[in-house]
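[1] this is a predicted model, with the sequence first.
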Amino acid sequence: MTDRQNAIDAISNFINDDTKRILLIKGYDNEAKLRAALSCLNGIFSKGIIRTSAMSDISDHINHAFQKDLLPYAIKSTTTYKLGKMRVNINSYVTNTRSNPKGNENTFTVFYPVQTVLDNPKRYNKFLEELEKTESRKVILITTNEWGIKEWDIKNKVDEVFFYSVENDNPQIMRNLRNNGAIE
């Protein structure tokens, strides 16, 4: 089984498990994690929310993950975008606006990326408040720059943690990280 298929199976099992609501996806291939999560959600949901820390970067992240121009360069939090079969609203979890949707039983919320808040106590507590306000049926948190995260308290706030290994599918990224001293 490929690493990608293993990730798809794990994310799909989470989505279909009514006893679990929040999933943390860890791993070193950011594009693969985002692509797998959104692909699995696209098979189940027609509406969702993507919460990001950087509105100016999110379209690049998604477009690179799928190697297609799925989203325009400039994203507006007041616009709904078609992504696969889904309609998604994209907004920031860093800036508070009255229009930030909370979601409901028929939606998902993806928080991507989440690493910048994990090591900053003030921002982390604000992030946990945003997470608590989220009413979507499924919530997926996706890390980036994993090797730089020191504090992993977030693991205690989720129902499941999945580590997306790329040892088989992308050994080059693993070699690069080891050679650069980012991981052992």
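    Received the coordinates, thanks. Source: prediction; values computed, not measured.
[2] so what's the residue most central in space within the chain bridging to?
    The residue at the geometric middle of the chain, judged as the C-alpha nearest the mean C-alpha position with C-alpha atoms, centre = their mean, is Ile142 (3.3 Å). Per DSSP bridges, the residues bridged to Ile142 are Ile25.
[3] show me the contacts for it.
    Ile25, Asn30, Lys33, Leu34, Ala37, Val110, Phe111, Tyr112, Pro113, Val114 (C-beta atoms under 8 Å, 6 or more residues apart in numbering). Any C-beta I mention is one placed from the backbone N, CA and C, and that applies to glycine too.
[4] from Leu24, how far out is it?
    Between Ile142 and Leu24 the computed distance is 8 Å (C-beta to C-beta, to the nearest Å).
[5] again, but for Gln5
    20 Å.
[6] again with Thr80
    Relative to Leu24, and taking C-beta to C-beta, Thr80 is found at 26 Å.
[7] who's more crowded, these two?
    Each of Thr80 and Leu24 had its neighbours counted (other C-beta atoms under 10 Å), and the higher figure belongs to Leu24 (21 against 14).
[8] pretty sure that one contacts Val161?
    Yes: A contact is recorded between Leu24 and Val161 when judged using C-beta atoms under 8 Å, the distance being 4.7 Å.
[9] okay, and the common contacts of the two?
    Among the neighbours of Leu24, those also in contact with Val161 (C-beta under 8 Å, 6+ apart) are Lys155.
[10] tell me which stretches of the protein form helices.
    All helices of the chain, identified by DSSP state H, fall at 3-16, 30-42, 55-66, 115-118, 121-133, 171-179.
[11] what's the angle from the first one to helix 171-179?
    Orientation note: helix 3-16 sits at an angle of 90 degrees relative to helix 171-179 (axes from the mean of the first three to the mean of the last three C-alpha atoms, to 10 degrees).
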